[in-house]
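Undergrad: can you look at this prediction? I've put the sequence above it.
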Amino acid sequence: MKKILAFAGSNSSTSINQQLLNNVVGRIQAHEIKQIKLTDYPLPIYSQDREKNEDFPVNATIIRNLIADNDALVIAVNEHNGGPSAFFKNIIDWLSRLDRNFLDGKKILLISTSPGKRGAKSSLEYTQNIFGRFGGEVIESFSLPSFKDNFEDGKVTNEVLDMGIEDVLTTFAHQIES
């Protein structure tokens, strides 16, 4: 049994990525899952001056330790104007300054959704590309397009997309067990 940490990169109380994450995490069997909300660990906007004069915020250390204590991650990546939200990017900035390899040895499943047809793919691709720099290995990724058309009452309503999530989860589960 592996330990999996799950969170969404959104700070919205009505986050559609959080809803998708809840659905995906609910499908994972035979592993210990800890789901957190990053909004429970507020961080100031990163700046080198703040790092130099005030050191690292305690919440950055807490998030890094939560990541370190788990074998794998499931992360729902939101998108603002074609990139990750400032909220999520700020967390990555703090973590990468605290510990350049904060994702060392972590196997990662990235998911995303948006109201649009691309399903936050730009943010997903950006995140997938940078996580390797911090020691993480993105095993799988999945983008759910047109959230309002394909998700209702906590479930993926499009059968083909639902099967796609199952395929991604199967591969992810196999990879974290090996």
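TA: Nice, I can see it.

Undergrad: and the residue sitting furthest away from the middle of the chain, what element?
TA: Among residues of the chain, the one most distant from the C-alpha centroid is residue 53; the distance is 29.8 Å, by Cα atoms, centre = their mean. Counting by DSSP states H and E, the secondary-structure element that holds residue 53 is helix 48-54.

Undergrad: list the buried residues for that helix?
TA: The neighbour-count criterion (16 or more other Cβ atoms under 10 Å) identifies residue 51 as the buried residues of helix 48-54. Every C-beta, even on glycine, is put in place using the N, C-alpha and C of the backbone.

Undergrad: could you point out which element follows it?
TA: Sequence-wise, the next helix or strand downstream of helix 48-54 (DSSP H and E) is helix 58-68.

Undergrad: from residue 125, how far off is residue 102?
TA: Relative to residue 125, residue 102 is positioned 20 Å away (Cβ to Cβ, to the nearest Å).

Undergrad: and these two? Which one has more around it.
TA: Each of residue 102 and residue 125 had its neighbours counted (other Cβ atoms under 10 Å), and the higher figure belongs to residue 102 (22 against 16).

Undergrad: residue contacts, that one?
TA: In this structure, residue 102 makes contact with 64, 67-68, 95-96, 134-135, judged by Cβ atoms under 8 Å, 6 or more residues apart in numbering.

Undergrad: so among these, which ones count as buried?
TA: Buried positions within these, assessed by neighbour count (16+ other Cβ under 10 Å), are 64, 67, 95-96, 134.

Undergrad: circling back to that earlier point, what's in contact with the helix holding residue 53?
TA: 44, 97.

Undergrad: rounded mean pLDDT for that helix, please.
TA: For helix 48-54, the mean per-residue pLDDT is 95.

Undergrad: need the residue closest to the centroid of the protein.
TA: Nearest residue to the geometric centre of the chain (Cα atoms, centre = their mean): residue 75, 1.7 Å.

Undergrad: SS state for it?
TA: Local secondary structure at residue 75 is given as strand here, using DSSP: H, G, I helix; E, B strand; the rest coil.
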